[in-house]
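Novice: Here is my input; please provide its structure:
(one chain, ligands or ions: 2)
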Amino acid sequence: MALERTLSIIKPDGVKKNVIGKIIALFEEQGLTPVAIRMAHLGRAEAEGFYAVHSARPFFGELVEFMTSGPVVLMVLEGEGAIAKNREIMGATDPAQAAEGTIRRLFAESKGVNTVHGSDAPETAAAEIAYFFRGLEIHPKVGKITANPEG
Ligand code: IDP
Ligand code: MG
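Specialist: Ligands and ions are numbered 1, 2, ... in the order given. This next block holds a predicted model:
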(Lines give C-alpha, C1' and ligand atoms only; values in the text may rest on other atoms or scores of the structure.)
(Ligands and ions follow the chains in the order given, each with its own letter.)
Protein backbone atom coordinates (compact mmCIF):
# COMPACT_ATOMS: atom_id res chain seq x y z
CA MET A 1 0.00 0.00 0.00
CA ALA A 2 1.17 3.51 -0.71
CA LEU A 3 1.71 6.34 1.73
CA GLU A 4 -1.09 8.81 0.97
CA ARG A 5 -2.60 12.08 2.17
CA THR A 6 -6.28 12.91 2.27
CA LEU A 7 -8.41 15.86 3.28
CA SER A 8 -10.60 15.45 6.36
CA ILE A 9 -13.11 17.99 7.66
CA ILE A 10 -14.81 17.85 11.04
CA LYS A 11 -18.11 19.48 10.07
CA PRO A 12 -19.97 22.10 12.17
CA ASP A 13 -22.01 19.45 14.05
CA GLY A 14 -18.82 17.66 15.22
CA VAL A 15 -17.31 20.94 16.44
CA LYS A 16 -20.58 21.90 18.23
CA LYS A 17 -20.77 18.49 19.94
CA ASN A 18 -17.27 19.01 21.39
CA VAL A 19 -15.88 15.79 19.89
CA ILE A 20 -12.89 17.16 17.93
CA GLY A 21 -10.49 15.30 20.22
CA LYS A 22 -12.43 12.02 20.08
CA ILE A 23 -12.52 12.15 16.29
CA ILE A 24 -8.80 12.88 15.98
CA ALA A 25 -8.08 10.04 18.46
CA LEU A 26 -10.03 7.61 16.23
CA PHE A 27 -7.83 8.60 13.29
CA GLU A 28 -4.59 8.34 15.27
CA GLU A 29 -5.51 5.01 16.86
CA GLN A 30 -6.14 3.56 13.41
CA GLY A 31 -2.89 4.67 11.82
CA LEU A 32 -3.68 8.09 10.36
CA THR A 33 -1.58 11.08 11.40
CA PRO A 34 -2.77 14.70 11.12
CA VAL A 35 0.00 16.56 9.27
CA ALA A 36 -1.90 19.87 8.97
CA ILE A 37 -4.78 21.22 11.09
CA ARG A 38 -6.68 24.53 10.98
CA MET A 39 -10.06 25.74 12.16
CA ALA A 40 -12.12 27.90 9.83
CA HIS A 41 -15.64 29.27 9.47
CA LEU A 42 -16.32 28.74 5.76
CA GLY A 43 -18.02 31.46 3.75
CA ARG A 44 -20.69 30.68 1.17
CA ALA A 45 -18.34 30.95 -1.83
CA GLU A 46 -15.71 28.74 -0.18
CA ALA A 47 -18.26 26.02 0.64
CA GLU A 48 -19.89 26.24 -2.80
CA GLY A 49 -16.47 25.95 -4.45
CA PHE A 50 -15.46 23.00 -2.30
CA TYR A 51 -18.68 21.09 -3.08
CA ALA A 52 -18.96 22.28 -6.71
CA VAL A 53 -19.16 18.64 -7.89
CA HIS A 54 -22.53 18.38 -6.06
CA SER A 55 -23.94 21.69 -7.35
CA ALA A 56 -26.69 20.01 -9.40
CA ARG A 57 -27.84 17.75 -6.54
CA PRO A 58 -31.12 18.61 -4.79
CA PHE A 59 -29.41 18.83 -1.39
CA PHE A 60 -26.73 21.35 -2.52
CA GLY A 61 -28.33 24.41 -0.92
CA GLU A 62 -28.89 22.57 2.36
CA LEU A 63 -25.30 21.28 2.29
CA VAL A 64 -23.80 24.75 1.79
CA GLU A 65 -26.08 26.17 4.49
CA PHE A 66 -24.96 23.49 6.93
CA MET A 67 -21.24 23.73 6.11
CA THR A 68 -21.29 27.50 6.71
CA SER A 69 -23.38 27.27 9.92
CA GLY A 70 -20.36 27.19 12.25
CA PRO A 71 -16.63 26.57 12.45
CA VAL A 72 -15.05 23.41 11.03
CA VAL A 73 -11.70 21.67 11.50
CA LEU A 74 -9.73 21.24 8.28
CA MET A 75 -7.08 18.51 8.38
CA VAL A 76 -4.67 16.67 6.16
CA LEU A 77 -4.33 13.04 7.27
CA GLU A 78 -1.30 10.99 6.26
CA GLY A 79 -0.80 7.21 6.36
CA GLU A 80 -0.67 3.98 4.40
CA GLY A 81 -3.74 3.90 2.15
CA ALA A 82 -4.99 7.03 3.93
CA ILE A 83 -7.78 7.81 1.45
CA ALA A 84 -9.63 4.49 1.79
CA LYS A 85 -8.75 4.13 5.47
CA ASN A 86 -10.26 7.53 6.27
CA ARG A 87 -13.49 6.55 4.46
CA GLU A 88 -13.56 3.33 6.48
CA ILE A 89 -13.09 5.14 9.80
CA MET A 90 -15.78 7.72 8.80
CA GLY A 91 -18.44 5.14 7.90
CA ALA A 92 -21.23 5.40 5.32
CA THR A 93 -22.71 8.79 4.37
CA ASP A 94 -25.99 7.87 6.09
CA PRO A 95 -25.29 7.15 9.78
CA ALA A 96 -28.09 4.56 9.77
CA GLN A 97 -25.99 2.57 7.28
CA ALA A 98 -22.62 3.23 8.98
CA ALA A 99 -20.78 0.35 10.65
CA GLU A 100 -20.42 0.05 14.43
CA GLY A 101 -17.54 2.13 15.82
CA THR A 102 -17.31 4.48 12.83
CA ILE A 103 -17.37 8.26 13.35
CA ARG A 104 -20.69 8.70 11.61
CA ARG A 105 -22.30 5.84 13.54
CA LEU A 106 -21.02 7.35 16.79
CA PHE A 107 -21.78 11.02 16.18
CA ALA A 108 -23.76 11.80 13.01
CA GLU A 109 -27.39 12.91 13.05
CA SER A 110 -28.50 12.36 9.48
CA LYS A 111 -27.32 11.82 5.90
CA GLY A 112 -26.72 15.58 5.65
CA VAL A 113 -25.50 16.39 9.16
CA ASN A 114 -22.87 13.67 9.24
CA THR A 115 -19.90 15.00 11.23
CA VAL A 116 -17.02 14.43 8.80
CA HIS A 117 -15.90 14.84 5.21
CA GLY A 118 -13.24 12.69 3.55
CA SER A 119 -11.76 12.78 0.05
CA ASP A 120 -12.88 9.83 -2.09
CA ALA A 121 -9.97 9.29 -4.55
CA PRO A 122 -6.33 10.32 -5.15
CA GLU A 123 -7.35 13.10 -7.58
CA THR A 124 -9.96 14.61 -5.27
CA ALA A 125 -7.61 14.28 -2.28
CA ALA A 126 -4.91 16.28 -4.09
CA ALA A 127 -7.39 18.95 -5.25
CA GLU A 128 -9.12 19.24 -1.85
CA ILE A 129 -5.84 19.48 0.09
CA ALA A 130 -4.66 22.24 -2.29
CA TYR A 131 -8.02 24.02 -1.89
CA PHE A 132 -7.35 24.62 1.82
CA PHE A 133 -3.60 24.23 2.50
CA ARG A 134 -0.34 25.63 1.14
CA GLY A 135 2.59 23.21 0.97
CA LEU A 136 4.36 24.98 3.83
CA GLU A 137 1.42 24.33 6.16
CA ILE A 138 1.80 20.56 5.80
CA HIS A 139 4.24 18.84 8.16
CA PRO A 140 5.08 15.29 7.07
CA LYS A 141 5.30 12.72 9.86
CA VAL A 142 8.87 12.57 11.17
CA GLY A 143 10.00 8.95 11.42
CA LYS A 144 13.06 9.67 13.49
CA ILE A 145 14.20 12.55 15.68
CA THR A 146 17.57 13.68 14.40
CA ALA A 147 18.33 16.62 16.73
CA ASN A 148 20.52 14.37 18.90
CA PRO A 149 21.51 11.49 16.60
CA GLU A 150 24.27 10.19 18.90
CA GLY A 151 22.07 10.15 22.00
P1 IDP B 1 -19.70 11.53 1.41
O2 IDP B 1 -19.53 12.72 2.33
O3 IDP B 1 -19.92 10.26 2.20
O4 IDP B 1 -18.58 11.39 0.40
P5 IDP B 1 -21.36 12.50 -0.79
O6 IDP B 1 -22.33 11.66 -1.53
O7 IDP B 1 -20.09 12.88 -1.47
O8 IDP B 1 -21.07 11.74 0.60
O9 IDP B 1 -22.14 13.81 -0.34
C10 IDP B 1 -21.44 14.92 0.19
C11 IDP B 1 -22.20 15.43 1.39
O12 IDP B 1 -23.47 15.94 0.97
C13 IDP B 1 -22.54 14.38 2.46
O14 IDP B 1 -21.48 14.10 3.34
C15 IDP B 1 -23.72 15.04 3.15
O16 IDP B 1 -23.30 16.03 4.09
C17 IDP B 1 -24.44 15.70 1.99
N18 IDP B 1 -25.48 14.81 1.46
C19 IDP B 1 -25.30 13.72 0.66
N20 IDP B 1 -26.47 13.13 0.37
C21 IDP B 1 -27.42 13.87 1.00
C22 IDP B 1 -28.85 13.77 1.07
O23 IDP B 1 -29.47 12.86 0.51
N24 IDP B 1 -29.48 14.71 1.82
C25 IDP B 1 -28.81 15.73 2.46
N26 IDP B 1 -27.48 15.86 2.40
C27 IDP B 1 -26.80 14.94 1.69
MG1 MG C 1 -18.02 12.64 -1.17
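
Novice: State the distance from G61 to ligand 1.
Specialist: As for G61, its distance to ligand 1 is 10 Å (criterion: CB to the nearest ligand atom, to the nearest Å). Placement of C-beta: from N, CA and C, glycine included.

Novice: residue ranges with poor pLDDT in the chain?
Specialist: 142-151 (pLDDT under 70).

Novice: Can you tell me which residues in this structure are near ligand 1?
Specialist: Residues of the chain that fall close to ligand 1, judged by CB under 6 Å from any ligand atom: H54, F59, E62, L63, T93, K111, G112, N114, H117, D120.

Novice: Which among these count as buried?
Specialist: When burial is judged by neighbour count using 16 or more other CB atoms under 10 Å, the buried members of the residues of the chain next to ligand 1 are L63, G112, N114, H117.

Novice: Turn the residues you listed into TSV, including distance to I9 and secondary structure.
Specialist: Written out in TSV, the entries for these read as follows (distance: CB to CB, whole Å; DSSP: H, G, I helix; E, B strand; the rest coil):
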residue	distance to I9	secondary structure
L63	12	helix
G112	14	coil
N114	11	coil
H117	4	strand
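
Novice: Pick out the most distant pair among those.
Specialist: With distance counted by CB to CB, no two of those lie farther apart than G112 and H117, which are 12.0 Å apart.

Novice: Let me see the backbone angles for L26.
Specialist: Backbone geometry at L26, expressed as degrees, to the nearest 10, gives phi -60, psi -40.

Novice: measure it to ligand 1 for me?
Specialist: Counting by CB to the nearest ligand atom, the separation of L26 from ligand 1 is 16 Å.

Novice: Ok, P140 next?
Specialist: Counting by CB to the nearest ligand atom, the gap from P140 to ligand 1 is 25 Å.

Novice: I'd like the distance from the host helix or strand of V76 to the chain centre, please.
Specialist: For V76, the element it lies in under DSSP states H and E is strand 72-80. Taking CA atoms, centre = their mean, to the nearest Å, the mean C-alpha location of strand 72-80 is offset from the chain mean by 5 Å.

Novice: elements contacting whichever helix or strand comes after that strand?
Specialist: Moving toward the C-terminus from strand 72-80, the next helix or strand (DSSP H and E) is helix 82-90. Helices and strands in packing contact with helix 82-90 are listed as strand 3-10, helix 20-29, helix 103-107, strand 116-118, helix 122-132; criterion 3 or more CB pairs under 8 Å, 6 or more residues apart in numbering; DSSP states H and E.
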